[in-house]
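Engineer: the following comprises the amino acid sequence and a computationally predicted model.
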4 protein chains.
Amino acid sequence: MIDLRSDTVTRPTAAMREAMARAEVGDDVYGEDPTVARLEKLTAEITGKAAALFVPSGTMSNQIALLCHTQRGDEVIIGEGAHCAFYESGAGAAWSGVQFEVAGRGGLFGPEELQVVIKPPADYHPRTRVVALENTHNRAGGRVFPQRDVIAIAEVARAHGLAMHLDGARVWNASVASGLSVAELCAPFDTVSVCFSKGLGAPVGSAICGDAATIVRARRFRKMLGGGMRQVGVLAAGALYALEHHRARLAEDHTAARVIGAAIREVPGANVREVETNLVQVDLPVAADELVAAARARGVLVSASGARRVRVVTHLDLPAARVAEAAAALAEATREVVTRKATPA
Amino acid sequence: MIDLRSDTVTRPTAAMREAMARAEVGDDVYGEDPTVARLEKLTAEITGKAAALFVPSGTMSNQIALLCHTQRGDEVIIGEGAHCAFYESGAGAAWSGVQFEVAGRGGLFGPEELQVVIKPPADYHPRTRVVALENTHNRAGGRVFPQRDVIAIAEVARAHGLAMHLDGARVWNASVASGLSVAELCAPFDTVSVCFSKGLGAPVGSAICGDAATIVRARRFRKMLGGGMRQVGVLAAGALYALEHHRARLAEDHTAARVIGAAIREVPGANVREVETNLVQVDLPVAADELVAAARARGVLVSASGARRVRVVTHLDLPAARVAEAAAALAEATREVVTRKATPA
Amino acid sequence: MIDLRSDTVTRPTAAMREAMARAEVGDDVYGEDPTVARLEKLTAEITGKAAALFVPSGTMSNQIALLCHTQRGDEVIIGEGAHCAFYESGAGAAWSGVQFEVAGRGGLFGPEELQVVIKPPADYHPRTRVVALENTHNRAGGRVFPQRDVIAIAEVARAHGLAMHLDGARVWNASVASGLSVAELCAPFDTVSVCFSKGLGAPVGSAICGDAATIVRARRFRKMLGGGMRQVGVLAAGALYALEHHRARLAEDHTAARVIGAAIREVPGANVREVETNLVQVDLPVAADELVAAARARGVLVSASGARRVRVVTHLDLPAARVAEAAAALAEATREVVTRKATPA
Amino acid sequence: MIDLRSDTVTRPTAAMREAMARAEVGDDVYGEDPTVARLEKLTAEITGKAAALFVPSGTMSNQIALLCHTQRGDEVIIGEGAHCAFYESGAGAAWSGVQFEVAGRGGLFGPEELQVVIKPPADYHPRTRVVALENTHNRAGGRVFPQRDVIAIAEVARAHGLAMHLDGARVWNASVASGLSVAELCAPFDTVSVCFSKGLGAPVGSAICGDAATIVRARRFRKMLGGGMRQVGVLAAGALYALEHHRARLAEDHTAARVIGAAIREVPGANVREVETNLVQVDLPVAADELVAAARARGVLVSASGARRVRVVTHLDLPAARVAEAAAALAEATREVVTRKATPA
Ligand SMILES: [Ca+2]
Ligand SMILES: [Ca+2]
Ligand SMILES: [Ca+2]
Ligand SMILES: [Ca+2]
Ligand SMILES: [Ca+2]
Ligand SMILES: [Ca+2]
């Protein structure tokens, strides 16, 4: 089986396991784990922020950011389908007590679309407080948020006293695709959430990055959420290894995704969004589950991301040598389900 | 000044004041206020529900409904611009810990638009739990939600195990406009929020209506929110008077709104939505504040409900004899600000 | 029936009703109700604070104070049995997300007892943020908090950066009993909650008082809780009348309570706490419900405030002429239930 | 340095690291990590529950239990100083919206002490919903909760419809000390939280155990709190190793603690609570920080757990061969600080 459901499914490599097995550890709740300290320092450097905090998941880093920026009843402006509203179990409302308001359509948006959803100050309105972008944007098909839009959005946000948060779970991919450094991509934001367990291939872990005072508060919220872990340097070692060794190779994942996207695009009836990073998004004239099943029958796992939409994700566990095989299998599977539909019994 | 900013601005009539002054009262926190009991009984009858609970505001009745129907992290589906998300200070997230998801565009929506936003059960998704409609829908311009759509929406909701809540602050207007009884309009819903202090002209108060078990829970949440009041029969008497004497006359408000809408529609450049009830919604080629100011200069108060949108609301403090005067003043004011724009200095 | 269950059961007097019937009103959500404005101004003056906000209940004013002073996960130090923890349906945790920590025993406490429960700053501890006193303290039997203790507590609080809140629902009684002005009693506090509907005899309403910036925030929270009311000057007029006419007469309630307390104290086996204000607290060797029933049989309503504790509350609906009658009935009822126990069948 | 601040400071042994390095892993958010599955199965068996869920920390397992058992505004009865109220950053109020009520004094309590703090049902009271015990109880000095009390408490709880939760972070120690199996100790409880990273010596991790339906809900709350981790079998392998190899040896820690306790008890002025498990609790006539510093100067780290209270914790990183050395150093340090006080300069 070739598992292309998500870039989270990768297993640690032998070298990464070796690094984890040898990691120097301490009690990180007491701030005494040297490997965690190294990871946090390097992550802060790469994102261009003063400080970083290791946490168990991207959900936790996003939620901590909301807790740091908001008060009960505040409003957070997001792009459509943002992870923090769509894939975090309603945590934003449950823990921070915040509402989400969607700017634009489709996930990305521009400064004018932000402007119209900022609520004027009034006792009866939720108080707009944060703009949260996602880059790359998962439900937009792994698209890179154009940096000129990010900068223009940040200007509008500043003018209204709003905080800027980046869900940068895949900012590594955005950096490789855009040619801009991670720090450049993160510069317009107060806080950034990054994941080590997606494209980078670490087994577990994310980080929230920001200025020193915010990360002090983040540490408290991590404890409150139950994310304080003891000798967690074992995990941090995996993340550190990933950060040091797996960033540049994301270009291979992007190439693989383009190859797969091109193959599927050949099938009449399948609508493949332009591939920008490591996600291939396929809109079908049939139920997504049909393609999921047909692909599985050909040895490839993919996932439905909508009633008629399928998502294919490339990652480091897909060897370059098997990309053509995966592309062919998915194209065939797509052809089968599209044709089946066109030829009623 | 003719105050058409909202139907909340009405002052109690002499007869209503008389009823309030003579109201028999008791300690309602102990359940001993006879006037409150009468009001709750009558409200339950009119809405066709088993029980009703008097509360200080429409915000509280809506929020109690959310608290009764949801758990932390749940999702509530609403029409765009719904009062509970737009005008309640973020209370849904702050108190219930729920997110809102918008179905369709413009406030009203149909069953297919509901269907696509219901999230499938998954640990990572917020759990869709409630569909909340608003009838008439304020930010849709006082439009009446077509009852066939309400019924079809309720079927989809039931099929997914979702509760149905009606924000019926102006359901009295919807009943008069549609010719359907309030009970018919409320039948597809588990809970209904109604307001006595809008078109009906009572000084203060709303009610939440539903089955007996829900209203027992609602009473507890009212206490928790600080809405338990003692000898509140004084207010209930005003609401009772309004319910008994001011429902039929809403037709006059609708007529007045149509007259005003027709007058403004004459002005080239002003876009007046079809008037269905007591709200007139005017879209302008200029800033809403300009019309607000120009109208005020002519003795009429109206309010901005968007950057270029003005809302005019008729109510029982607008005497039939002054409708023409108000219509003329607003038409003139509109003409002035539209023309001003067309003729640059 | 003489109803001494609570000082909330009083009904508005004829003069108060007259004041309410004639009250000038406006839309208070728009800040346009002149009677509310007068009440808020007078309340602020009497409590010695810059501003005040009218709200539907003491629960809401206390909860708004917590919302103004705290963040999610903070801790509020209270005396045992404080209203905000015991009688507000768990609202402090539900809305503000705060824990309560009890200082001392019995309701009142001193500065050393405060000192030991303040938690040192640490990520794992709740963050101590507020000290909330209750004066008079209901579950302590209407006791007056000694002002020297209040001042010493405030010093400790300031030294730790803690806010001070007074639940002054019955601060009017504390003032009459202590001979200190309400403003003096309130001086050590950042915020004060007062009730018009208890000893003062208004049908409905409370206020939160504090500095101007806090009251601006309080207004927003009032809206969020559903406490924004429209032409609520009708109620404010009752509260204003109560404030102007019923404060001095509280001394009569205190006298009546002492008479009743003295009568019951005569009964061997009944333990009557020293009466400081308008509450009489009786500890019994039998179930409280027995005395409640026996008193009712003699025409007096009282309430259980513990398994073997009964509370008797005097107020303006108990005419001076009937105090002796009430005292005799309660003493007899007490004698009956205590004797019944002593003489097994 | 001998680090006896906590049993959390242990570092993974070579054998444990080996087990972690070789662990088979999968994506646990998809439920596909075989090592996590094995750990959860074994934990459920040992605690005698139907199911278990691996989580990053004891704070998260306790908080998930509260989320599973409660609604906003509910009340949870605890022993004084319970971890869930004292050491979890206020999370119970922040996330679940629950208040804590303390039964008895000192941490442990009996059924009568429970009975008196259960609130009768009333709209104005918080609704009592859960009894949460801690066994062994940390702030009680590692005391074992007598099982007959636990059983009697559970009877009272059932009679009032309350859920029973055990914070069993150190239930392994309670089992070794009492001679009762972990399953016996857990039997009276609906949910149990256990920690692998305290006495058992795993680097990270806890579990919540209960019936199958509760653990399905727990999984959702884990995601909502950000505790869903991907290839977390690496950590689960450490916990599994600890569970299989480090339980029986806790008896050595208890012996070591008794030796240390006995040595300190010799010092006049030091009050050492009877040592029941692996915690030694020393009450001093001087500031705890003085003993902490004096011990550090002699090569032993301990921690203050109160203004004049020190906690010493034994664990698997304290070799049997060094127990006497640690005991002597701590006794000397204690003597020094106690004497220093007695002999003013
Ligand atoms: Ca992975
Ligand atoms: Ca939305
Ligand atoms: Ca009105
Ligand atoms: Ca009253
Ligand atoms: Ca450890
Ligand atoms: Ca407590």
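Structural biologist: Right, received. Where do you want to start? Ligands and ions are numbered 1, 2, ... in the order given.
Engineer: so for whichever residue of the stretch 151-300 of chain A sits closest to ligand 1, what's the pLDDT?
Structural biologist: Nearest to ligand 1, among the residues of the stretch 151-300 of chain A, is A:S197, at 4.8 Å (Cβ to the ion). In short, each C-beta sits where N, CA and C put it, glycine included. The model reports A:S197 with a pLDDT of 95.
Engineer: cool, and the one 3 residues further on?
Structural biologist: A:L200 carries a pLDDT score of 97 in this model.
Engineer: now do the contacts for it.
Structural biologist: A:W172, A:A239, A:A242, A:L243, A:H246, A:R247, A:L250 (Cβ atoms under 8 Å, 6 or more residues apart in numbering or on different chains).
Engineer: nearest to ligand 2, of the residues you listed?
Structural biologist: Nearest member of the contacts of A:L200 to ligand 2, counting by Cβ to the ion, is A:W172, at 28.6 Å.
Engineer: neighbours around that closest one, how many?
Structural biologist: A:W172: 27 surrounding residues under other Cβ atoms under 10 Å in any protein chain shown.
Engineer: which element is it on?
Structural biologist: helix A:171-178 (DSSP states H and E).
Engineer: quick check, A:G261 in contact with A:V280.
Structural biologist: Yes: the pair A:G261 / A:V280 is scored as a contact, 4.5 Å apart, by Cβ atoms under 8 Å.
Engineer: ok, those two, which is more surrounded?
Structural biologist: Using other Cβ under 10 Å, the more surrounded residue of A:G261 and A:V280 is A:V280, with 29 against 23.
Engineer: hang on, the more buried one in a strand?
Structural biologist: Yes: under DSSP: H, G, I helix; E, B strand; the rest coil, A:V280 falls within a strand.
Engineer: what average pLDDT does stretch A:47-58 get?
Structural biologist: Across stretch A:47-58, pLDDT averages out at 98.
Engineer: one more: stretch A:208-219?
Structural biologist: 98.
Engineer: so it, near chain C or not?
Structural biologist: Yes: using Cβ under 8 Å from any Cβ of the partner chain, stretch A:208-219 reaches chain C at A:R219.
Engineer: partner strands of the strand ranked longest in chain A, with direction?
Structural biologist: Identified as the longest strand of chain A according to DSSP state E is strand A:127-134. With DSSP bridges as the test, strand A:127-134 is paired with strand A:74-79 (parallel), strand A:163-168 (parallel).
Engineer: got the contact list for the residue in the stretch 1-150 of chain A positioned nearest to ligand 5?
Structural biologist: At 6.9 Å from ligand 5, A:D27 is the closest residue in the stretch 1-150 of chain A, using Cβ to the ion. The contact partners of A:D27, by Cβ under 8 Å, 6+ apart, come to A:D33, A:R230, A:Q231, D:S6, D:T8, D:V9.
Engineer: same thing but at 6 Å, please
Structural biologist: Contacts here follow Cβ atoms under 6 Å, 6 or more residues apart in numbering or on different chains; on that basis A:D27 touches A:R230, D:T8, D:V9.
Engineer: circling back: next one: the residue of the stretch 151-300 of chain A closest to ligand 1 from ligand 4, what distance?
Structural biologist: From A:S197 across to ligand 4, the span is 61 Å (Cβ to the ion, to the nearest Å).
Engineer: check A:A85 too.
Structural biologist: 46 Å.
Engineer: try A:V272
Structural biologist: Taking Cβ to the ion as the criterion, A:V272 is separated from ligand 4 by 71 Å.
Engineer: ok, that residue - how many residues close by?
Structural biologist: A:V272: 21 surrounding residues under other Cβ under 10 Å.
Engineer: thinking it is in contact with A:L284, fair?
Structural biologist: No: judged on Cβ atoms under 6 Å, A:V272 makes no contact with A:L284 at a distance of 10.1 Å.
Engineer: which non-adjacent residue is nearest the residue in chain A that ligand 6 sits nearest to?
Structural biologist: Nearest to ligand 6, among the residues of chain A, is A:M224, at 18.5 Å (Cβ to the ion). Nearest residue to A:M224 in three dimensions, chain neighbours excluded: D:S89, at 3.9 Å (Cβ to Cβ, 6 or more residues apart in numbering or on different chains).
Engineer: please look at that neighbour and A:K223 and confirm they touch.
Structural biologist: Yes: using Cβ under 6 Å, D:S89 is in contact with A:K223, at 4.9 Å.
Engineer: more crowded one of the two?
Structural biologist: Taking other Cβ under 10 Å, D:S89 and A:K223 do not tie; D:S89 has more neighbours (27 against 22).
Engineer: just the element for the residue nearest to A:G226 when sequence neighbours are not counted, please.
Structural biologist: Leaving out its chain neighbours, the residue that sits closest to A:G226 by Cβ to Cβ, 6+ apart is D:M60, at 2.6 Å. Taking DSSP H and E as the criterion, the element that holds D:M60 is helix D:58-69.
Engineer: show me what that helix packs onto, helices and strands only.
Structural biologist: strand D:163-168, strand D:191-195, strand D:206-210, helix D:212-225 (3 or more Cβ pairs under 6 Å, 6 or more residues apart in numbering or on different chains; DSSP states H and E).
Engineer: got the contact list for A:K341?
Structural biologist: By Cβ under 6 Å, 6+ apart, the contact list for A:K341 reads A:P285, A:V286.
Engineer: any idea which helix or strand carries it?
Structural biologist: Going by DSSP H and E, A:K341 is part of helix A:323-342.
Engineer: render the CA-only coordinates of that helix in CSV, please.
Structural biologist: Coordinates of each C-alpha in helix A:323-342 appear next as CSV, following Å, rounded to 0.1, in the frame of the first residue of the first chain:
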residue,chain,number,x,y,z
VAL,A,323,5.7,8.2,-7.9
ALA,A,324,4.9,7.1,-11.4
GLU,A,325,3.3,4.0,-10.1
ALA,A,326,1.1,6.0,-7.7
ALA,A,327,0.2,8.5,-10.4
ALA,A,328,-0.8,5.7,-12.8
ALA,A,329,-2.9,3.9,-10.2
LEU,A,330,-4.7,7.1,-9.2
ALA,A,331,-5.3,8.1,-12.9
GLU,A,332,-6.7,4.6,-13.6
ALA,A,333,-8.9,4.6,-10.5
THR,A,334,-10.2,8.0,-11.4
ARG,A,335,-11.0,6.9,-15.0
GLU,A,336,-12.8,4.0,-13.7
VAL,A,337,-15.1,5.9,-11.4
VAL,A,338,-15.8,8.7,-13.8
THR,A,339,-16.5,6.2,-16.6
ARG,A,340,-18.7,4.1,-14.4
LYS,A,341,-20.8,7.1,-13.9
ALA,A,342,-21.0,8.0,-17.6
